[in-house]
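Q: Next comes the sequence, and after it the predicted model I'd like to discuss.
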Amino acid sequence: MLTVRLDPELEEFLNQYSKDQNVSKSTVVKEALALYFSKIRLSNRPFDLGMDLFGQFGSGDKDRSATYKKRIKSKLREKHSH
C-alpha cells in the first residue's frame, strides 16, 4: 500500500481522467509509473539521453566532422574573394 500526496490541480486531473476512461485511479498511477520506469531503464546510457542530438539530423551532412577544414577554407575563400 502506498499513499501519495498530490497538488489539488493534479488530483483533479487524475480524478477526471480516471472517470473519463472508466478506470481506477490506482490503474492510472500504476500505468504511469510503469511507463516512467521503462523510459528510465531504456535511457541509462549517456548516448541514449542525447541520441536525438547526435548524427545528421541538424545539417543533413553525414561527414560534417571529417570535412570541417574543407568547409572552413571554402567559407574563407568566399568571404575574401569579393
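A: Looks like it arrived, so ask away.
Q: Show me which residues of the biggest helix by length in the chain are buried.
A: The helix that spans the most residues within the chain, counting by DSSP state H, is helix 25-42. Residues of helix 25-42 include none that count as buried (16 or more other CB atoms under 10 Å). C-betas here are computed from N, CA, C, even on glycine.
Q: what packs against that helix?
A: Secondary-structure packing of helix 25-42 (3 or more CB pairs under 8 Å, 6 or more residues apart in numbering; DSSP states H and E): helix 8-21.
Q: quick one: contacts of the helix it packs on?
A: Outside of helix 8-21, the residues within contact range by CB atoms under 8 Å, 6 or more residues apart in numbering are 6, 24-25, 27-29.
Q: Just want the angle from the longest helix of the chain to helix 8-21.
A: 110 degrees (axes from the mean of the first three to the mean of the last three CA atoms, to 10 degrees).
Q: helix or strand right after helix 25-42?
A: helix 46-50 (DSSP states H and E).
Q: Model confidence score at L42, please.
A: At L42, the pLDDT value in this model is 67.
Q: and stretch 15-35, average pLDDT?
A: For stretch 15-35, mean pLDDT is 95.
Q: now the end-to-end length of it.
A: End-to-end distance of stretch 15-35 (CA to CA, to the nearest Å): 19 Å.
Q: swap in stretch 51-64?
A: 17 Å.
Q: Turn the contacts of helix 8-21 into a markdown table, including distance to S65.
A: As requested, these are exported to a markdown table (distance: CB to CB, whole Å):
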| residue | distance to S65 |
| --- | --- |
| L6 | 47 |
| S24 | 52 |
| K25 | 50 |
| T27 | 48 |
| V28 | 45 |
| V29 | 45 |
